[in-house]
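> prediction below, plus the sequence it came from.
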Amino acid sequence: MAYYLTSDESLCGQPPSGLTAPLSHRIARHAAVESPYTRRQALLESLLRCVNVGVALDTIRTHVEELLAVTSISWQVDDERYCGTVCDPSEHTIPVALSLDDRPFGRLRLHSRRPVAEAELTQLREMLSVVAYPLRNLRMLEHALIAAEHDALTGLKNRRAFDLELKTVHARVSRYGGPASLLILDMKRFKAINDTYGHDVGDRALARVAEGLDRCLRETDSAYRLGGDEFVVILPETPYRGARRLGARLLDWFRDHPLREPGGERVPLKARLGMAQFREGEDAGDWFRRTDQALYGNAEPNEANRRLGRLA
């Protein structure tokens, strides 16, 4: 005998009326008899298993689809906007304000292919009343992860993030081949800037270096602040000649964009560079040390190398 699950989750030997209807209709009918509490608890339990805000938004959309067809979902909180992986905005927008401890906590924005009835909107808001705390916790986790890998002053990624990415790039070029280079940048006379103009101007100088890196790098390149006045750039798919061209472009940018201290005095930015292309068979540590040695090595006598430093 075949057994069937009835709407009250009991088993019987005959299909209840309407079980021969399409599966999507039966699921919708089953969802309709669920209590608001059951829907909220199911959503909350699912959110507690999410690893980031994006996954949480996709989870919310999946649960909401038991009530109505949703084509996309996003969350705006302060100046941050998070989106789910499915993004197909439609003309029917459903804004749902969230609150946390009786204070506004952003707004969910869902899109539906059809207008939403008032009763459906009430059910939707009841279901989403549990999402604020899980979203808050996931957002805090993402902020903490970002802070752990970013330099607060310049906004660049830090030494920890560099070490991780260097291992990844090294593993890729070791296995598949192709060029890749490192470039290390060290500010010249940085201590003199701090001593002469103050540490606030020194901080602005470091931020200006980060700005120059952002302006001169390609999207595939990545820049990091190692500490103090030392920066490093990972250049995938770039031979040493490409690293030299980037170095020249950076030095020209620093020359053309000096700082202005509060009194109007021009504060020039100067740097020295070291570059090294990956050599087959060397490990990531050796590659980095060779780049660092190029930074502090003796420059060759021609003008170009006096500007760019020695290439390893």
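Sure, I can see it. Numbering: from 1, shown residues only.
> residue nearest the centroid of this protein?
Closest residue to the average C-alpha location of the chain: I146 at 7.6 Å, with CA atoms, centre = their mean.
> from L47, how far off is that residue?
For I146, the distance to L47 equals 21 Å [CB to CB, to the nearest Å]. The C-beta positions use only the backbone N, C-alpha and C, and glycine is treated the same way.
> what do you get for L153?
35 Å.
> between these two, tell me which one has more neighbours.
The neighbour count for L153 versus L47, taken as other CB atoms under 10 Å, is higher for L47 (21 against 12).
> which residues sit in contact with the more buried one?
Neighbouring residues of L47 by CB atoms under 8 Å, 6 or more residues apart in numbering: 56, 59-60, 130-131, 134-135.
> and which of the residues you listed is nearest E165?
A56 (26.6 Å; CB to CB).
> what's around the closest one, how many residues?
For A56, the neighbour count with other CB under 10 Å is 25.
> verify the contact between it and L138 for me.
Yes - assessed by CB atoms under 8 Å, A56 is found in contact with L138 at 5.6 Å.
> now list whatever residues contact both of those two.
C50.
> how close does the closest residue to T71 other than its chain neighbours sit to M127?
Nearest-residue entry for T71: D88, 4.1 Å, with adjacent residues in sequence omitted and distances by CB to CB, 6 or more residues apart in numbering. Distance from D88 to M127, counting by CB to CB: 21 Å.
> please, which helix or strand holds E165?
Secondary structure from DSSP states H and E places E165 in helix 159-176.
> revised request: answer the last question for L98.
strand 92-100.
> and that strand, what other elements does it pack with?
Secondary-structure packing of strand 92-100 (3 or more CB pairs under 8 Å, 6 or more residues apart in numbering; DSSP states H and E): strand 103-112, helix 118-127, helix 132-148.
> can I get the CA coordinates of the longest one in CSV?
What follows is the C-alpha trace of helix 132-148 in CSV, where atoms were taken according to Å, rounded to 0.1, in the frame of the first residue of the first chain:
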residue,chain,number,x,y,z
ALA,A,132,17.2,41.5,11.4
TYR,A,133,19.4,39.8,14.0
PRO,A,134,20.8,37.2,11.7
LEU,A,135,21.6,39.8,9.1
ARG,A,136,23.2,42.0,11.7
ASN,A,137,25.4,39.2,12.9
LEU,A,138,26.5,38.2,9.3
ARG,A,139,27.2,41.8,8.5
MET,A,140,29.4,42.2,11.6
LEU,A,141,31.2,39.0,10.6
GLU,A,142,31.9,40.3,7.1
HIS,A,143,33.1,43.6,8.5
ALA,A,144,35.5,41.7,10.9
LEU,A,145,36.8,39.6,8.0
ILE,A,146,37.4,42.7,5.9
ALA,A,147,39.2,44.5,8.8
ALA,A,148,41.4,41.4,9.4
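> give the buried residues for stretch 262-271.
267, 269, 271 (16 or more other CB atoms under 10 Å).
> actually stretch 201-211, sorry about that
Buried residues in stretch 201-211 (16+ other CB under 10 Å): 201-202, 204-206, 208-210.
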